[in-house]
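K.L.:
predicted model and sequence follow; I will ask about them next.
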Amino acid sequence: MKGHVIKMEKGLGIQIPDEYAKYLNLHQGSLVDVKLDKAKDLIIISHISESEDIVKRYMSSAETMA
């Protein structure tokens, strides 16, 4: 899919096709993880479920306390 980068309030954005969003169960307000793969010149966007987010926050807090 080809698309255009658009200017947003605090950065840039792209439009995610409905087919992709439905497949990943993405909707407005969904949590995503955005990573940059410099070796391959890729931006990788992964859906984060609410349960995954809770685990990541818990692990981060536990590591800080250790």
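P.N.:
Right, received. Where do you want to start?

K.L.:
ranges for the strands of the chain?
P.N.:
Counting by DSSP state E, the chain has strands at residues 6-8, 11-13, 31-37, 42-48.

K.L.:
out of the ones you listed, the one nearest A21 is which?
P.N.:
Closest to A21 of the strands of the chain, according to Cβ to Cβ: strand 42-48, at 9.4 Å. Quick note: C-beta positions are derived from backbone N, CA and C, even for glycine.

K.L.:
what strands line up against that closest one, and which way round?
P.N.:
strand 31-37 (antiparallel) (DSSP bridges).

K.L.:
export the strands of the chain as a markdown table, with columns for mean pLDDT.
P.N.:
Formatted as a markdown table, those follow (pLDDT from 0 to 100):
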| stretch | mean pLDDT |
| --- | --- |
| strand 6-8 | 94 |
| strand 11-13 | 93 |
| strand 31-37 | 93 |
| strand 42-48 | 91 |
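
K.L.:
of those strands, which approaches K22 most closely?
P.N.:
strand 42-48 (11.6 Å).

K.L.:
contacts for the closest one, please.
P.N.:
16, 24-26, 30-37, 56 (Cβ atoms under 8 Å, 6 or more residues apart in numbering).

K.L.:
what number of residues lie near the closest residue to L26 other than its chain neighbours?
P.N.:
Once flanking residues are discounted, L26 sits nearest to H47: 5.8 Å by Cβ to Cβ, 6 or more residues apart in numbering. Residues within reach of H47, counting by other Cβ atoms under 10 Å, total 14.

K.L.:
relative to S30, how far out is H47?
P.N.:
From H47 over to S30 the distance is 6 Å, taken as Cβ to Cβ, to the nearest Å.

K.L.:
next, count neighbours for the residue lying closest to S49 once chain neighbours are set aside.
P.N.:
Nearest non-adjacent residue to S49, counting by Cβ to Cβ, 6+ apart: L31, 7.8 Å away. Neighbourhood size, L31 [other Cβ under 10 Å]: 13.
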